[in-house]
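In: sequence first, then the predicted structure, then my questions.
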Amino acid sequence: MQKLAVIVDTFPRWSERFIARELQELLRRGVQFKVFCLKAGEPLPHDSDWQGLIERRVILPSSFLPRMAKVLTPTARPHWEEARQLLGLRGYRALARAAALRDRLLEGGFGHVHAHFANLPSTLGWLAALDAKLPFSFAAHARDLFLEAQLLEQKLTDCVCVFACHARAREYLRAKTAQKGKVRLMHHGLPLKQYPQRLELGGSGLGIVAAGRFVPKKGFDILLDAAARLARAKREFALMLLGDGPERENLLKKVRALRLERQVVIKKPVGGSELRDILNGADLLVAPYRTASDGDSDGVPNVVLEAFALGTPVIGTEAGSLGEILTPRTGTVVPQNDTAALAEALAEFLERPSEALGKTRAARELVASEYDIRKNIIPLLDTVSGFKF
């Protein structure tokens with residue numbers, strides 16, 4: 001099997017655990033690879049999801065070149081210049097990284113280049129693969145595709161395959177190319193052995209949990225407003241907001257302004273096994289996601305899949321692609337940005353939690369049938385190996 005080069009932005013990144021799961025499954029299948037990244041992240045302490053992956057990381061240099069990097073092949077040269085013009089002053093730095101990546105590909109005997117995200121990582125991977133005359137594929141997700149995609153039509157022309165992790169992305173990509181067969185649906189998967197389904201509802205006093213990056217599209221401010229309604233109605237509950245991001249301070253201020261210090265705790269991100277323990281011990285996961293003012297929205301959120309797999313009830317919206325998995329059959333759906341509807345759904349759950357049991361079973365069945373990493377990795381294996389698994 002040929003050696004694989006995987007291109008990402010920051011590695012590791014807590015909110016991109018789907019990449020770790022994908023790479024762990026590739027390791028289990030015997031695929032040899034290196035992860036080339038633009039920035040180095042730090043794994044959380046005792047986080048087994050990234051075990052064995054950090055030592056495969058190569059950080060691409062960020063040196064600035066005042067001239068265009070040397071391109072080896074005439075075919076690649078106009079595309080490199082096009083990318084430089086698109087990126088403006090940043091283009092010189094990007095081309096320097098693309099050149100460094102190309103040199104690593106040639107020196108390291110790589111046989112395939114696969115990038116995550118339709119923005120800068122896939123731009124660098126595409127340019128380097130084009131100049132090194134290697135097959136190239138990439139995976140498109142959400143913001144990177146709908147708001148930040150770079151030279152998408154060109155990449156679709158030159159790639160051997162593009163992977164969409166949800167149906168909305170697949171249809172968007174198909175509309176951008178006449179070569180629709182290149183676009184393949186490859187859901188993010190879970191290693192289901194790590195997610196035993198609990199048979200009874202009711203947690204260990206952890207109450208309500210919401211997890212994700214603290215950014216506007218997550219709608220955690222709406223959740224706090226709904227929690228304030230519950231508090232004013234003298235409902236007893238405990239809410240944990242788990243994550244980090246630019247909205248952290250605003251959320252802390254909102255907790256104080258709404259006088260929710262007794263009911264709400266905001267915690268930093270935790271590792272994979274600890275997150276599973278929290279979800280498994282929670283009574284409920286809330287996903288109050290929305291489409292942000294700049295158009296940003298989620299794909300299929302992995303934390304919802306994890307809750308589904310464990311049998312934890314979910315209340316959320318249909319924002320972005322969440323509606324592809326969260327339906328009245330698998331959970332409770334409320335309109336986005338609707339504080340009253342969310343508060344009502346939370347109150348109904350607190351009164352009658354056992355009514356969610358049938359939905360949690362349906363949610364687990366969905367994950368087992370469509371989000372098992374052992375099955376979902378096969379399209380990528382087919383592409384990078386050159387033969388069918």
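Out: Yep, it's here.

In: tell me, how many residues neighbour the nearest residue to residue 375 once chain neighbours are set aside?
Out: Nearest residue to residue 375 in three dimensions, chain neighbours excluded: residue 189, at 7.2 Å (C-beta to C-beta, 6 or more residues apart in numbering). For every residue, glycine as well, the C-beta is placed using N, CA and C. Applying other C-beta atoms under 10 Å, we find 22 residues neighbouring residue 189.

In: so how far is residue 320 from residue 13?
Out: 19 Å (C-beta to C-beta, to the nearest Å).

In: could you list the low-pLDDT ranges of the stretch 51-200 of the chain?
Out: Along the stretch 51-200 of the chain, the model assigns pLDDT under 70 to residues 63-69.

In: change it to 50
Out: The stretch 51-200 of the chain contains residues with pLDDT under 50 at 66.

In: which stretches in it count as helices?
Out: Taking DSSP state H, counting those that start in this stretch, the helices of the stretch 51-200 of the chain run over residues 77-87, 90-108, 120-132, 143-146, 152-158, 167-174.

In: just tell me which of the ones you listed ends up closest to residue 47.
Out: Set against residue 47 and scored by C-beta to C-beta, those come closest in helix 120-132, at 22.0 Å.

In: between that closest one and helix 77-87, how many degrees?
Out: Compare the direction of helix 120-132 with that of helix 77-87 by axes from the mean of the first three to the mean of the last three C-alpha atoms, to 10 degrees and you get 160 degrees.

In: helix 120-132 packs against which elements?
Out: strand 3-11, strand 33-40, helix 77-87, helix 90-108, strand 110-116, strand 136-140, helix 152-158 (3 or more C-beta pairs under 8 Å, 6 or more residues apart in numbering; DSSP states H and E).

In: wait, what's in contact with the residue nearest to residue 373 when sequence neighbours are not counted?
Out: Of all residues not flanking residue 373 in the chain, residue 189 sits nearest, at 3.0 Å (C-beta to C-beta, 6+ apart). Residues in contact with residue 189 (C-beta atoms under 8 Å, 6 or more residues apart in numbering) are 18, 21-22, 25, 371-377.

In: which of those residues count as buried?
Out: Buried subset of the contacts of residue 189 (neighbour count, 16 or more other C-beta atoms under 10 Å): 18, 21-22, 25, 371-373, 376-377.

In: residue 228: which of those is nearest?
Out: residue 18 (32.9 Å).

In: who's in contact with the host helix or strand of that closest one?
Out: According to DSSP states H and E, residue 18 maps onto helix 17-28. Helix 17-28 is contacted from outside by 4, 6, 8, 11-13, 33, 35, 49-50, 52-53, 56, 116, 165, 188-191, 272, 302, 373-374, 377, 380-381, using C-beta under 8 Å, 6+ apart.

In: same deal with stretch 177-184?
Out: For stretch 177-184, using C-beta under 8 Å, 6+ apart, the contacting residues are 153, 156-157, 159-164, 170, 173-174, 379.

In: nearest to residue 220 among those?
Out: Once C-beta to C-beta is applied, the member of these that ends up nearest residue 220 is residue 164, at 26.8 Å.

In: what's the neighbour count on the closest one?
Out: 23.

In: nearest to residue 294, of the helices of the stretch 51-200 of the chain?
Out: helix 143-146 (9.1 Å).

In: helices or strands next to that closest one in the packing?
Out: helix 167-174.

In: the helix it packs on vs strand 136-140, what angle?
Out: 130 degrees.

In: from the contact counts, what lies against helix 167-174?
Out: helix 143-146, strand 161-164, strand 183-185.

In: mind putting the ones you listed into TSV with distance to residue 74?
Out: Formatted as TSV, the helices and strands packed on helix 167-174 follow (distance: least, C-beta to C-beta, whole Å):
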stretch	distance to residue 74
helix 143-146	30
strand 161-164	25
strand 183-185	29
